[in-house]
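> below is the structure, and that's it, no one-letter string:
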């Protein structure tokens, strides 16, 4: 029992918080202000607990596995959820079902924790469904908006389709190898046509979850229809969790097929970067802009994954940590503007610096980081991804990725130019920002600057890889 409590500490803490929220919901009604403060304290405790008593081990016949790297990955996801609770305070205080939203979010987080610790395809599939279904409900949380219901429906349909593909792939893997254990499958993989077909189905399911082109068509509509808090969770925390387990499946389970999946990763990375960048260029709605931006970022993550080395794992985990700070800050500024003024188009941001310098600088920092401009952490993150991808000496691939970095500068700087340089006779009025939202933005800004400058963060991730 002691081993069980220690190894499953992250899952048990999240489960405890879910039950606390359930009891609060069933009890006497309390104000959203007080409840949100309680939730933020609980989520901070959840994040802090990830730094203590982390041991390596297996449970349930190796169906569940954890080590220091997995603990670090779970801490990154917990940090993302804590920041979301701070950054979207305005929306949380207005919603009628605050406890239910966080119960859904934490249920999805619990599924992601089990997903990262999966030791076979059974718990992998069950965890993925637990991590997906609550997000569909979160996407539809603006019940009075038709576009929210439409986005949630598209997410449910695409998730159901990808789950069916995943199950079919798992059944083929079992039929071809006689096992669903991550530890046993590598010695049974020979690369025969049935196994290759099974892997293609699995890869396709991952592509749906990560919005890899051409399986990305649901992304922009879901982001646009969802509340900003749900869209940011889907963009950062959800995709980060899938990227973590994707590395495990490629590097450990299908390592004998690396020549096959390397070519698939390279091809889809190029297509994803180009498509994400080209569509981001023409977006006017800030939510759709950030959606296609996130698609392009997934393309860069695939560059790092293609490296197939411990350095590649380090670069991906490090980049996702940076991505948590950068993308959440951008979503938070957009959400604050949308909540106070109802404006979501990039053209509405003209002259924004004159009336709201603090929000402008936070947005600028986040976009600089997403674009990979030094000295922000995003520069170091993308540098390490490109370095990991270059380990295979596929210089054509790295040149294409580098050119896409240049293209991304244009559309990120377009937003910054609009805020700082474009004139507007009637700019968005002065926005009063909640103290907790300012605190969350300050944490993101500090992360964007300091994570790149403090080399020990990268060194620690590298040491546990």
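Yes, it's here. Predicted model, so just to flag it, every value in this text is computed and none were measured. Numbers count the residues shown, from 1 in each chain.

> how far away is the residue lying closest to residue 115 once chain neighbours are set aside from residue 190?
Spatial nearest neighbour of residue 115, chain neighbours left out: residue 127 (3.9 Å); criterion: Cβ to Cβ, 6 or more residues apart in numbering. All C-beta spots, glycine's among them, are computed from the backbone N, C-alpha and C. Going from residue 127 to residue 190 by Cβ to Cβ, to the nearest Å gives 28 Å.

> please identify which of these two sits among more neighbours.
Higher neighbour count among residue 127 and residue 190: residue 127, with 22 against 11, using other Cβ atoms under 10 Å.

> so, low pLDDT: which residues of this structure?
1 (pLDDT under 70).

> strands along that one, start to end?
57-59, 64-66 (DSSP state E).

> the first one pairs with which strands?
Neighbouring strands of strand 57-59 in its sheet, by DSSP bridges, are strand 64-66 (antiparallel).

> show me what counts as buried in the strand it pairs with.
Using 16 or more other Cβ atoms under 10 Å as the burial criterion, the residues of strand 64-66 that qualify are 64, 65, 66.

> quick one: closest of the strands of the chain to residue 168.
Across those, residue 168 has its closest neighbour in strand 64-66 (24.7 Å, Cβ to Cβ).

> pretty sure the residue nearest to residue 115 is touching residue 118, no?
Yes. Judged on Cβ atoms under 8 Å, residue 127 makes contact with residue 118 at a distance of 6.0 Å.

> dump the strands of the chain into TSV; add distance to residue 433 as well.
Below are those laid out as TSV (distance: least, Cβ to Cβ, whole Å):
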stretch	distance to residue 433
strand 57-59	44
strand 64-66	38
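
> so for residue 72, which of these sits nearest?
Taking Cβ to Cβ, strand 64-66 is the member of these nearest to residue 72, at 10.8 Å.

> how distant is the closest one from the center of its chain?
Relative to the chain's own centre, strand 64-66 is displaced by 21 Å; criterion: Cα atoms, centre = their mean, to the nearest Å.

> repeat for stretch 98-113
Relative to its chain's centre, stretch 98-113 lies at 15 Å (Cα atoms, centre = their mean).

> what's in contact with it?
10-11, 14-15, 17-18, 21-22, 24-25, 32, 35-36, 39, 74, 77-78, 81, 84-85, 92, 95, 127-132, 134-135, 137-138, 141, 229, 233, 237-238, 241 (Cβ atoms under 8 Å, 6 or more residues apart in numbering).

> one more pass at 6 Å, please.
Stretch 98-113 is contacted by residues 10-11, 14, 17-18, 21, 25, 32, 35, 39, 74, 77, 81, 92, 127, 130-131, 134-135, 137-138, 241 when judged by Cβ atoms under 6 Å, 6 or more residues apart in numbering.

> just to revisit the earlier point, switch the buried residues of strand 64-66 over to JSON lines; also include distance to residue 113.
Listed next are the buried residues of strand 64-66 as JSON lines, based on distance: Cβ to Cβ, whole Å:
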{"residue": "64", "distance to residue 113": "10"}
{"residue": "65", "distance to residue 113": "12"}
{"residue": "66", "distance to residue 113": "9"}
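
> please identify which of those residues is nearest to residue 457.
Residue 457 lies nearest to residue 66 out of the buried residues of strand 64-66, by Cβ to Cβ, at 20.8 Å.

> give the bridge partners for the closest one, please.
Residue 66 has these beta-bridge partners by DSSP bridges: residue 57.

> distance check, it against residue 17.
19 Å.

> swap in residue 61?
28 Å.

> the more surrounded of these two?
Neighbours per residue (other Cβ under 10 Å) separate residue 61 from residue 17, with residue 17 holding more: 21 against 9.
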